[in-house]
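Participant: here you go, sequence then predicted model.
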Amino acid sequence: MRKLKFHEKKLLKKVDFLEWKRELEGGHRENMVMHRYHVTGRDDYKKYSSLCRMVQKLVNILKQMDPRDRYRIEMTDGLLEKLYSMCVIPSRKSLALCERLSVSSFCRRRLATVMVQLKFAERLKEAVTYIEQGHTRVGPDMVTDPAFLVTRNMQDFITWVDTSKIRRKVLEYNEKLDDFDSMN
């Protein structure tokens, strides 16, 4: 029997033989989504994933019920309305849309991603930087968390903070900067 070298022993300490296959299968998708949407906290990904699982379980329970049941109709309409208003599903037509719900659906509604879609920033990393530095607000509130989920109604109220230098540059470029603002 061959004796293990030092680096082989270190490697064996790091490998979990019970979980390695699951990490290979799920970890690749998780890392890809986290990188694509610039999700810095692994906890955020896990929360989105658990939300997707809960919605899928609820859909399975609703599908087992009688289609004419008043409670099922009420719960289905409520679920579809909630997910539609969060802009996670494209329409309120059927439960099939809820079955295909993914973590990416929630990641697309993060403030940084929505800012890129609305052309507030060219790249996701820039948008995250603007948010963390306090340049953006949603409605009257300044938001410094890039993981902030933007609903369909709040999307129209994303703007720059009044004291932001980026806002000032945009107004200068569009020749809409007020003289009173330039004095401050």
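Facilitator: Arrived safely, thanks for sending.
Participant: and the helix or strand containing residue 55, what does it pack against?
Facilitator: Assigned by DSSP states H and E, residue 55 falls within helix 42-64. Packing partners of helix 42-64 (3 or more Cβ pairs under 8 Å, 6 or more residues apart in numbering; DSSP states H and E): helix 20-36, helix 70-85, helix 96-99, helix 103-107. Just so you know, the C-beta spots here come from the backbone N, C-alpha and C atoms, and that holds for glycine as well.
Participant: need the winner for burial among the ones you listed.
Facilitator: helix 103-107 (a mean of 21; mean count of other Cβ atoms under 10 Å).
Participant: how far is that helix from where the chain is centred?
Facilitator: 5 Å (Cα atoms, centre = their mean, to the nearest Å).
Participant: other residues contacting it?
Facilitator: Surrounding helix 103-107, the residues in contact under the criterion Cβ atoms under 8 Å, 6 or more residues apart in numbering are 33, 36-37, 39, 45, 48-49, 51-52, 88-89, 113, 149.
Participant: which one (most neighbours) among those residues?
Facilitator: Highest neighbour count within these: residue 48, with 25 neighbours (other Cβ atoms under 10 Å).
Participant: so what's that one up against?
Facilitator: 103, 106, 107.
Participant: from residue 102, how far off is it?
Facilitator: According to Cβ to Cβ, to the nearest Å, residue 48 and residue 102 sit 9 Å apart.
Participant: gap between stretch 87-95 and the chain center?
Facilitator: For stretch 87-95, the distance to the chain centre is 17 Å (Cα atoms, centre = their mean).
Participant: show me the contacts for the nearest residue to residue 86 once chain neighbours are set aside.
Facilitator: Nearest in space to residue 86, with sequence neighbours left out and distances taken as Cβ to Cβ, 6 or more residues apart in numbering, is residue 151 at 5.4 Å. If you count contacts by Cβ under 8 Å, 6+ apart, residue 151 has them with 85, 86, 87, 109.
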